[in-house]
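*Asks:* I would like to see how this sequence folds:
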Amino acid sequence: MGAVHYKIILAYNGSAFAGYQRQAAVRTVQAELETALARLGWQGSFVLAAGRTDAGVHARGQVVCFHLDWQHTTDDLRNALNHYLPDDMAVQSVSAVPAEFHPRYDAKWRHYRYRIYCQPVRDPLRADFAWRVWPEVQVDRMNTAAVNLIGSHDFRAFGSPMTENGVTVREVFSAEWSGAGDEWQFDIFANAFLYHMVRRITFALVTIGQSAAPVALIAEGIKTGQLALAGLAPANGLVLEAVGY
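*Replies:* Coordinates of the predicted model:
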């Protein structure tokens, strides 16, 4: 049969990882996946992913591709990989794709979700997956500001390109806060994101929601290319939810 190009949807709890990308002497998502694949006879040099999540960032819908000579079904491959993967990672699905498919360059959109909860004291049962924010936020202020993100803009004030002198223009399709009680989530869809872009935007919007910054902060950052606010939302609240093709 020969090697087939496979696409997997991978979920992971990023708490104990130094990020997605393989690095020397630290635990990464890519290294754990490649180790599991090697147990199944994979002989490649590296797998391809839709994006590189930071240390502590989670994923529900990371997309990874690799070539593998596998003589069984895609469900069998999913189950075999999950047998060898650690408990904080799991393959959700496996499918065969054309050999030229690239999970990063062929992506049309990416969806990230950031979760917060508003409480004066920490909640150990939510700490791994949400940012505790206090004082509480006014979500209408955050959504008013977030509207300015939508469209094609130069987002250099909110992040940096992955390569030196890389383009900083990105197109945001939607950006909105929703929720109830003391829990809120920020869903943002874009064709691609700059390094730290979602976490820097989230920090700015939460600061606006706490009335510690003006609603115009986002629009001014896009217009001037500079953000009059330094800060980054913690990694633990961020999840790569899905990638679309």
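*Asks:* show the residue spans covered by the strands in this structure.
*Replies:* Counting by DSSP state E, one finds strands in the chain at the ranges 4-12, 48-49, 58-68, 89-96, 109-118, 131-133, 151-154, 169-180, 183-190, 238-244.
*Asks:* nearest to Gly41, out of the ones you listed?
*Replies:* Between Gly41 and those, the tightest spacing by C-beta to C-beta is seen for strand 58-68, at 7.3 Å. C-beta: built from backbone N, CA, C; applies to glycine.
*Asks:* for the closest one, buried residues please.
*Replies:* Judged by neighbour count (16 or more other C-beta atoms under 10 Å), strand 58-68 contains these buried residues: 58-59, 61-68.
*Asks:* packing partners of it?
*Replies:* Using 3 or more C-beta pairs under 8 Å, 6 or more residues apart in numbering; DSSP states H and E as the contact criterion, the neighbours of strand 58-68 among helices and strands are strand 4-12, helix 29-39, strand 48-49, strand 238-244.
*Asks:* now the angle from that strand to strand 238-244?
*Replies:* Between the direction of strand 58-68 and that of strand 238-244, the angle (axes from the mean of the first three to the mean of the last three C-alpha atoms, to 10 degrees) works out to 50 degrees.
*Asks:* just want the angle from strand 58-68 to strand 4-12.
*Replies:* For the pair strand 58-68 and strand 4-12, the angle between their directions (the same axes, to 10 degrees) equals 160 degrees.
*Asks:* which strands or helices does the longest helix along the chain pack on?
*Replies:* The helix that spans the most residues within the chain, counting by DSSP state H, is helix 197-209. For helix 197-209, the elements it packs on are strand 109-118, strand 131-133, helix 139-146, strand 169-180, strand 183-190, helix 217-224, strand 238-244, judged by 3+ C-beta pairs under 8 Å, 6+ apart.
*Asks:* so how far is the last one off the chain centroid?
*Replies:* What that stands for is strand 238-244. 5 Å (C-alpha atoms, centre = their mean, to the nearest Å).
*Asks:* name every strand pairing with it and say which way it goes.
*Replies:* Sheet pairing for strand 238-244, assigned by DSSP bridges, gives strand 58-68 (parallel), strand 109-118 (antiparallel).
*Asks:* out of those, flag the one nearest Leu227.
*Replies:* Minimum separation from Leu227 across those (C-beta to C-beta) falls at strand 109-118, 17.1 Å.
*Asks:* how about that closest one as PDB, C-alpha atoms only?
*Replies:* What follows is strand 109-118, C-alpha atoms only, in PDB (Å, rounded to 0.1, in the frame of the first residue of the first chain):
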ATOM      1  CA  TRP A 109      -9.300  30.300   9.200                       C
ATOM      2  CA  ARG A 110      -8.300  29.600  12.800                       C
ATOM      3  CA  HIS A 111     -10.600  29.900  15.900                       C
ATOM      4  CA  TYR A 112      -9.200  30.700  19.300                       C
ATOM      5  CA  ARG A 113     -11.200  30.900  22.500                       C
ATOM      6  CA  TYR A 114     -10.100  32.700  25.700                       C
ATOM      7  CA  ARG A 115     -11.900  32.100  29.000                       C
ATOM      8  CA  ILE A 116     -12.000  34.300  32.100                       C
ATOM      9  CA  TYR A 117     -13.900  34.200  35.400                       C
ATOM     10  CA  CYS A 118     -14.500  37.100  37.700                       C
END
